[in-house]
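J.: Build the 3D model from these lines:
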Amino acid sequence: MTSISKLSILIGSLLTVLGVVLYFSTDMASVTALIPSFIGVPILVCGILAKDEKNRKVVAHIALTLALLGALAGYGRGLPKLFGGDSGVAILGMLAMSVICTVYVIACVRSFIAARKA
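T.: Residues are numbered from 1 along each chain as shown. As a prediction, this is how the structure comes out:
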């Protein structure tokens, strides 16, 4: 198993758990608390599919795109609310999703650059 597939499985699992925790910590008030899970599950699946050498490049790029969208969405929705004075669990969850996705995006880009050089 390659490092990108291991990382994808880890990040996908973290995001999935984050979404479930947010959902239950907000008393199941809104399905939008599951947004990290909606991003995490496909990244997790991409990580599993990346174990196969012939699928690795395509699914790694799909996972990277999902993580980039997750990071941008979380920052775009979370930061304005945080600076506006809100600091609820949902806002902090969005920002946590953004940070996790950003770390993943950076790791993927570094991995892609290293693979290109090799």
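J.: okay, CA-based contacts and neighbour counts for the rest of this
T.: Fine.
J.: all helices of the protein, in order?
T.: Secondary structure of the chain (DSSP state H): helices at 3-25, 35-49, 53-83, 89-117.
J.: Out of those helices, indicate the one that is most buried.
T.: Comparing those by mean neighbour count (mean count of other Cα atoms under 10 Å), helix 35-49 ranks first with a mean of 23.
J.: same for it, what does it pack against?
T.: Identification of packing neighbours for helix 35-49 by 3 or more Cα pairs under 8 Å, 6 or more residues apart in numbering; DSSP states H and E yields helix 3-25, helix 53-83.
J.: Residue 93: which of the ones you listed is closest?
T.: Closest approach to residue 93 among the helices and strands packed on helix 35-49 is made by helix 3-25 (6.7 Å; Cα to Cα).
J.: Give me the contact list for that closest one.
T.: 29-51, 60, 63, 89-90, 93, 97, 100-101, 104, 108, 111 (Cα atoms under 8 Å, 6 or more residues apart in numbering).
J.: Before I go, just wanted to say thanks for your time.
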